[in-house]
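1. Let me see the structure of the following:
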Amino acid sequence: MGTHGYATLVYILTGHLTATSDMYSYSVVLLELLMGRRSVDKRRRGREQNVVDWARPYLQRPDRLHRVMDPSLEGSYSVEAEAKAAMVAYNCLHSVPRTSPTMREVIDALKPLLTMYGDVGAGTFV
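-> Below you'll find the predicted structure:
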């Protein structure tokens, strides 16, 4: 049931898909884009095998977020947009339905990032 690395614990235990489980899966994809890693990578050690477990401690810390960002992006993104996208991913990782944002809220949070250049000369982050 579910694709390993993308399914919430609630879905694994109950087999019921919900909007919350969809948001969790979306956040995993967003983390893959931000971090440049697969959702699960058995070649890595311990906690680094699961992108959610590895990235979660950094998502609320803009001062440390650069440590887990995809190095191939070479800083060609707005640091402010990076932090906001990371918070969106973090908020979608909640397994409690009341605390997980809706897709409309996620779109509303991410859409302004398309025009953020901040401290970058050219290009966009999202």
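
2. give the contact list for Y24.
-> Y24 is in contact with 6-8, 92-95, 100, counting by Cβ atoms under 8 Å, 6 or more residues apart in numbering. The C-beta positions use only the backbone N, C-alpha and C, and glycine is treated the same way.

3. Just give me the closest of those residues to R43.
-> R43 lies nearest to Y6 out of the contacts of Y24, by Cβ to Cβ, at 18.6 Å.

4. Which of the helices or strands spans that closest one?
-> Using DSSP states H and E, Y6 falls within no helix or strand.

5. distance of it from V40?
-> 9 Å (Cβ to Cβ, to the nearest Å).

6. what about those two, which has more around it?
-> Neighbours were counted for Y6 and for V40 using other Cβ atoms under 10 Å; Y6 has more, 19 against 16.

7. thinking that one is in contact with S39, fair?
-> Yes - with contact defined as Cβ atoms under 8 Å, Y6 counts as touching S39 (5.8 Å).

8. Need the overlap of contacts for those two.
-> Both Y6 and S39 are in contact with V28, where contact means Cβ under 8 Å, 6+ apart.

9. What are the contacting residues of stretch 32-52?
-> Stretch 32-52 has contacts (Cβ under 8 Å, 6+ apart) with 3-6, 27-28, 31, 53-55, 68-73, 82, 85-86, 89, 93.

10. Give me the buried entries from the residues you listed.
-> 5-6, 27-28, 31, 54-55, 68-69, 82, 85-86, 89, 93 (16 or more other Cβ atoms under 10 Å).

11. Just those residues: which are in strands?
-> Within those, no residue falls in strands by DSSP state E.

12. In helices, which of those appear?
-> Mapping the buried ones among the contacts of stretch 32-52 onto helices (DSSP state H) picks out 27-28, 31, 54-55, 82, 85-86, 89.

13. Would you mind giving those residues as CSV with pLDDT added?
-> Formatted as CSV, these follow (pLDDT from 0 to 100):
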residue, pLDDT
S27, 92
V28, 92
L31, 94
W54, 92
A55, 93
E82, 89
A85, 93
A86, 93
A89, 93
